[in-house]
Structure formats: structure tokens, C-alpha cells
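A.B. asks: A structural model of the following input is requested.
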Amino acid sequence: MSDVYDLHIDTDVTVQLSDCRQEDARAVFEILDHYYLLEDVEPPGPAGAGPVTTVWMATFDTSGGPREEVRPPRLTGKVVALLTGGYHAVSEVEKVLAAGFDVESRQSVSGDQETEARLLLASR
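C.D. replies: Residues are numbered from 1 along each chain as shown. Predicted coordinates:
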């Protein structure tokens, strides 16, 4: 493993959003981008361009802690979020999401080095 990978194994969180409208996925990612450093994103394509994307994915680095707080936008519907990463990092991202949205925990799967949390997000 490279040193760069070793440094980020406990701080990176991959966020997958599904079962939602494109603008809701963008809104959730924008909130997280204000709090944490966006490392990698698979951006939603323009509306009406080609096949419908059902999952959007981005990776955030939580090592620097929250950068700035912003008021979350209203979502047009519910959003399924799957968070994968180190235990502490996933917990921090869950707290940020819970501060801005109603969050229902759907499932949690723990491994040796990482955890996975499935959440249902909705506007308050």
C-alpha cells in the first residue's frame, strides 16, 4: 500500500446516493462539500442527457474536520445514502447529515477496518 492510501484509510468516506432526484443528490453533496474536502466525485449528468443515473457517488476527506456550516436546502423527496469508510469518519459524516436532515438509520455493517451505514435522508 502507498503512504497516501495509508493516511486516508480512516478519514475518507465514500457517499453513494440513490433513489432520489438529481437535484437532491447535488444538494446533499454540496452540503458535505462545505464541511469536508471533496476528493472525488462522479457528477450527475445534465438533466435529460442519456440514460437515467440512479446512483451518484463522491468521496470526502474528513481529516481536516468541518470547514464551514451551511443551512441545508429542502429536498424534494427522500434520499438513500450509503456511507463507507473508517468508523470515526463515517460517524462524523452521519452527524453532519443529522444536523441538516431528518435521518433514519436503515442498516449498519461493521468490518475490521471500515464500516458501512445505510441512511434515509429527508427534509425537516
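A.B. asks: now do the contacts for the spatially most central residue of the chain.
C.D. replies: Taking CA atoms, centre = their mean as the criterion, V15 is the residue nearest the geometric centre of the chain, at 3.4 Å. V15 sits next to 28-29, 32, 57-60, 81-83, 93 when contact means CB atoms under 8 Å, 6 or more residues apart in numbering. Every residue, glycine included, has its C-beta placed from N, CA and C.
A.B. asks: what ranges do the helices span in the chain?
C.D. replies: Using DSSP state H, the helices of the chain run over residues 3-8, 22-35, 87-100.
A.B. asks: name the surrounding residues that touch the last one.
C.D. replies: Residues outside helix 87-100 that contact it (CB under 8 Å, 6+ apart) are 10-13, 15, 28, 31-32, 35-36, 60, 62, 65-66, 71-72, 81, 83-85, 103, 110, 114-117, 119, 121, 124.
A.B. asks: mark which of those residues are buried, thanks.
C.D. replies: 10-13, 15, 28, 31-32, 35-36, 60, 62, 72, 81, 83-85, 103, 114-117, 119, 121 (16 or more other CB atoms under 10 Å).
A.B. asks: strands - which of the residues you listed land there?
C.D. replies: 12-13, 15, 60, 81, 83-85, 103, 115-117, 119, 121 (DSSP state E).
A.B. asks: which one of the residues you listed is nearest to E23?
C.D. replies: L121 (13.7 Å; CB to CB).
A.B. asks: beta partners of D40?
C.D. replies: As for beta bridges, D40 partners with T59 under DSSP bridges.
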